[in-house]
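K.L.:
turn this into a model:
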Amino acid sequence: MQELYSHINRYCTITPQEFTEISSYFSVQSLSKKEHLYRPGSPLPHYFVLSGCVHLYLVNERGSEQTLQFAIDQWWLTDYLAFQKNKSSEFYIQAVHPSEVAAISYEDQELLLQRFPQLEAYFRKVFEIAYGAAINRMKYIFTCSKEEIYFKFKEAFPEFVQEVPQYLVATYLGLSPEYVSKLNKKQFS
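P.N.:
Next comes the predicted model:
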């Protein structure tokens with residue numbers, strides 16, 4: 001949980017003693033590759049990735065997976081609308097690689113914020129970053145060609161493109177895995 005302690009201290013100051021109590025609001029889960037962290041049916045927690053990589057996806061009407069979000073080390077992930085309403089989400093969350101996450105339920109996060117009000121600023125900043133990333137992604141989808149979307153993403157997150165399977169990057173960008181493969185071949189020919 002040292003990763004969470006360090007992450008919180010980037011945005012607000014807490015002591016090690018305070019973090020001992022803060023960490024009691026979280027449960028830690030270890031996941032193997034492709035293991036589901038969440039399936040629709042129960043209230044959705046807020047997840048902090050301690051290590052590894054997870055993705056949030058939906059299954060479309062054709063039965064294909066469409067990745068909407070990724071979270072790697074020290075990123076948060078949830079369906080914020082479902083979390084805020086303490087409801088089930090229609091999305092799935094699955095480990096891309098072996099991963100370890102810290103989960104907090106809506107009720108526990110509310111109790112945590114009552115006990116440590118300075119964490120309101122922390123979670124606001126986390127949400128602002130997540131929202132900003134989503135808006136940026138939409139900007140690329142609306143203003144760039146499919147080829148530009150892929151190469152801008154690859155340029156901005158080279159280590160991510162190396163670490164995450166190509167088919168998941170493709171679904172995240174709204175591209176087919178075959179098209180991404182074709183772009184990679186074109187780039188190296």
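K.L.:
ignoring the adjacent residues along the chain, who's closest to Thr13?
P.N.:
Gln118 (7.6 Å; Cβ to Cβ, 6 or more residues apart in numbering). No exception for glycine: its C-beta is placed from N, CA and C like everyone else's.
K.L.:
the one you found: neighbour count?
P.N.:
Applying other Cβ atoms under 10 Å, we find 13 residues neighbouring Gln118.
K.L.:
and what of Ala156?
P.N.:
For Ala156, the number of neighbouring residues by other Cβ under 10 Å comes to 11.
K.L.:
go on, Ala71?
P.N.:
22.
K.L.:
confirm it sits in a strand?
P.N.:
Yes: counting by DSSP: H, G, I helix; E, B strand; the rest coil, Ala71 is located in a strand.
K.L.:
contacts only, for the residue nearest to Thr13.
P.N.:
By Cβ atoms under 8 Å, 6 or more residues apart in numbering, the contact set of Gln118 is 12-14.
K.L.:
now it: how far from Lys125?
P.N.:
12 Å (Cβ to Cβ, to the nearest Å).
K.L.:
equivalent analysis for Ser99, please.
P.N.:
For Ser99, the distance to Lys125 - Cβ to Cβ - is 23 Å.
K.L.:
okay, these two: which has more neighbours?
P.N.:
Between Ser99 and Lys125, counted using other Cβ under 10 Å, the more crowded position is Ser99 (24 against 13).
K.L.:
so who does the residue nearest the centre of the chain touch?
P.N.:
Compute the mean C-alpha point of the chain, and by Cα atoms, centre = their mean the closest residue is Ala71, 3.0 Å away. Applying Cβ under 8 Å, 6+ apart to Ala71 gives the contacts 47, 49, 53-56, 77.
K.L.:
what residues are bridge-paired with it?
P.N.:
Val54 (DSSP bridges).
K.L.:
enumerate the positions of the longest helix along the chain that are buried.
P.N.:
Counting residues, the longest helix in the chain under DSSP state H turns out to be helix 119-143. Buried positions in helix 119-143, judged by neighbour count with 16 or more other Cβ atoms under 10 Å: 119, 122-123, 126, 130, 137, 140.
K.L.:
can you name the two of those residues that are farthest apart?
P.N.:
Leu119 and Tyr140 (31.8 Å; Cβ to Cβ).
K.L.:
who wins on neighbours among the contacts of Gln118?
P.N.:
In terms of neighbours by other Cβ under 10 Å, those top out with Ile14 at 17 neighbours.
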